[in-house]
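Asker: Sequence and predicted structure, then a few things I'm wondering about:
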Amino acid sequence: MTGWQTHSAVGIEYLERPGEGPALVLLHGIGSQAASFTPLLPFLAPELRVIAWNAPGYGGSDPLAQDWPVAADYSRALERFLDALALPRVMLLGHSLGALMAASFAAARRERVARLTLAAPALGHGVPRGGQLSSAAQSRIDDLERLGAAALAEARAARLVHAPEQNPEALELVRAGMSRVTLPGYGQAARMLASGRLLDDAERLSVPTDVIVGAEDRVTPPDGARRAHDALRAAARGRFTLLPEAGHALYQQAPARFAAALELTPEPAA
């Protein structure tokens, strides 16, 4: 895995590319892992310190204590993680489910986020904790239990890539990452997705926030990303970028164009 170093802190496994500049922290989605950001790495400025965590319950990271966590529980895990790495302020990027985690953290800890990027953001389903899971969330858990991770990836991966038959490398990256998901972490993440309310957190954000989505995203379509951008306060509303010919796994399918769309100049601390 060229460029990455593997570490662990406070029960979180993470990948790091050392750098002398600002820290960029990357939060992956529900069917993914830290290594999914590998294609993006060559297109990020070499001075950036890039950190990609395996979310609680993914890879070598400990799962959360709650069977049904909400976004704030992942936010608190992220705060402990950043404290352990002595990172008082970072640029934060969340993809899909990771956008729910990132927005929750930035809304609660604005002083710790220099800039926020929501990539292909999942809006969440708004189910109260402990309520009836949405069919989409329940099917994720059922499919993993019934099929196993490899078969789950075989069944679901193509939907994340635009024109998968023309993009076999991106498809294989998505499939490989999804084939490594396990319980209880995946189940916890599915329940958090069910209870997520991204638009509520978006309205609370006061840090500069950019939104990027693939024009061909069938998982979190562009209209949802536009709703998230529109929900931002004027002072927090950064750029909205629609990447043509890219699906949900946009930073794997189009890493150079995704990197070019990022605004990675930290805002001065207030």
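Answerer: That came through fine.

Asker: just for the stretch 1-150 of the chain, where's the confidence low?
Answerer: 1-2 (pLDDT under 70).

Asker: What segments of it are strands?
Answerer: Taking DSSP state E, counting those that start in this stretch as the test, the strands found in the stretch 1-150 of the chain are 5-9, 12-17, 23-27, 49-53, 90-95, 113-119.

Asker: Among the ones you listed, which comes closest to residue 175?
Answerer: Nearest of these to residue 175, taken as CB to CB: strand 90-95 at 16.7 Å. C-beta here means a position set from N, CA and C on the backbone, and glycine is covered the same way.

Asker: which secondary structure elements does the closest one contact?
Answerer: Contacts defined by 3 or more CB pairs under 8 Å, 6 or more residues apart in numbering; DSSP states H and E place strand 90-95 against strand 23-27, helix 97-108, strand 113-119.

Asker: strands paired with it, and their directions?
Answerer: Strand pairing for strand 90-95, using DSSP bridges, gives strand 23-27 (parallel), strand 113-119 (parallel).

Asker: As TSV, those with distance to residue 90 would be great.
Answerer: As requested, the strands paired with strand 90-95 are exported to TSV (distance: least, CB to CB, whole Å):
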stretch	distance to residue 90
strand 23-27	4
strand 113-119	7
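
Asker: Pick the most buried one from these.
Answerer: Compared across the strands paired with strand 90-95, strand 113-119 shows the largest average neighbour count, a mean of 26 (mean count of other CB atoms under 10 Å).

Asker: hang on, the earlier thing: could the strands of the stretch 1-150 of the chain be laid out in JSON lines, adding distance to residue 225?
Answerer: Below are these laid out as JSON lines (distance: least, CB to CB, whole Å):
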{"stretch": "strand 5-9", "distance to residue 225": "31"}
{"stretch": "strand 12-17", "distance to residue 225": "26"}
{"stretch": "strand 23-27", "distance to residue 225": "16"}
{"stretch": "strand 49-53", "distance to residue 225": "21"}
{"stretch": "strand 90-95", "distance to residue 225": "12"}
{"stretch": "strand 113-119", "distance to residue 225": "7"}
